[in-house]
Structures are given as structure tokens and as C-alpha cells.
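**Student:** Next comes the sequence, and after it the predicted model I'd like to discuss.
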Amino acid sequence: MQIRRFSSELKIKIPGNHPGLYGVPIQLRRGQVPLEKLEALARRVNGMPLLLNAELQVEAMYFDPHACIEEHAADHPILFLVIHGQGTVRIGGPAGETRDIQAGDAVLWPAHTDHTVWTGDEELHAIVINAFQDKAAH
């Protein structure tokens, strides 16, 4: 049995221009990190993420009040599951659709589409599932 704790006391700052955004990797694709670097990764991210032979990556994200994730697009779809708090999400760039989100909401960010999330006075916690495209199928 493998168990990966992802509670907020294990969070680390997410690199880049994302003020107030922290995360904990829950699951990584096996082979994503070379074997010789796994121990260093486990120390850096407060424990070893679960490693699967799957085209998925799962992480917990923790947004402080007045935090944001820089607007960007990914080459794969992403499922953003809000498990605590509330915030705002925008999909489609500055003129895109903007919606308030709260615990219990699931947001799908399509591949190649700009997206961002920000918080007001409340924090927000989410589980993020990256669904990588199987390159062999293309």
C-alpha cells in the first residue's frame, strides 16, 4: 500500500510568477523523474509522490487570500477540483469567460486554452489532474 500525504503543512511554493500559490505533488508519471533524482525530489517536496505508469499527474494546490496563478495554456486538458474555499477562474484569455468557483466545483481547462485562477479575501484549495495525451496514440 502506498499513501501520499498532501495536507497544507507539506506545501511548497510553486515556482514562477504565481504569488501566494503553493502545492504538493500527489502523483507523478513513472519515469518523469530519473531514478537517481527521486531521493532529492522526495526531500524537496516533503515526501515521495506516488509513481504510476499512467499519463496523469495529480497535485494539490493551495491559494492564499489574494493569490493567483499566472495566465497560461497547457498542451493537455486539466481538471481543477475545488475542495475548499472560493475564488475566480477565467478561461480563454483576458476577454474569456470568468466565473466564481467554490468548494465542490470542477473546472475543465481544455488543452491549448489560456486559463487563470485568483482569490479574493478567502483561500482556495484544489486538486489538479493533468491528463497528458498518449503520444503513441497520435
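**Tutor:** Yes, it's here.
**Student:** can you give me the strands for this structure?
**Tutor:** Remark: strands assigned in the chain by DSSP state E are 12-13, 21-29, 50-52, 56-63, 68-72, 78-91, 97-102, 106-109, 115-118, 124-131.
**Student:** Same list (those strands) but as CSV, adding distance to Arg44.
**Tutor:** Where you see a C-beta, it was placed from the backbone N, CA and C, and this is true even at glycine. Shown next, in CSV, are the strands of the chain (distance: least, CB to CB, whole Å):
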stretch, distance to Arg44
strand 12-13, 7
strand 21-29, 10
strand 50-52, 15
strand 56-63, 14
strand 68-72, 20
strand 78-91, 23
strand 97-102, 29
strand 106-109, 26
strand 115-118, 24
strand 124-131, 19
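**Student:** Quick one: the ones you listed as a markdown table, columns for mean neighbour count too.
**Tutor:** Listed next are those as a markdown table, based on neighbours: other CB atoms under 10 Å:
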| stretch | mean neighbour count |
| --- | --- |
| strand 12-13 | 12 |
| strand 21-29 | 20 |
| strand 50-52 | 14 |
| strand 56-63 | 21 |
| strand 68-72 | 16 |
| strand 78-91 | 18 |
| strand 97-102 | 12 |
| strand 106-109 | 16 |
| strand 115-118 | 21 |
| strand 124-131 | 20 |
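**Student:** To Glu36, which of those strands lies closest?
**Tutor:** Taking CB to CB, strand 50-52 is the member of the strands of the chain nearest to Glu36, at 14.3 Å.
**Student:** chain center to that closest one: distance?
**Tutor:** Computed by CA atoms, centre = their mean, to the nearest Å, the chain-centroid distance of strand 50-52 equals 16 Å.
**Student:** Work out the sheet partners of it and label each with its direction, please.
**Tutor:** Strand pairing for strand 50-52, determined by DSSP bridges: strand 21-29 (parallel).
**Student:** What lies in contact with the partner strand?
**Tutor:** For strand 21-29, the surrounding residues in contact (CB atoms under 8 Å, 6 or more residues apart in numbering) are 4, 6-8, 10-14, 45-46, 49-64, 67-69, 127, 132.
**Student:** at 6 Å instead, please
**Tutor:** Under the criterion CB atoms under 6 Å, 6 or more residues apart in numbering, residues 4, 6, 10-11, 13-14, 45, 49-52, 57-63, 67, 69 lie in contact with strand 21-29.
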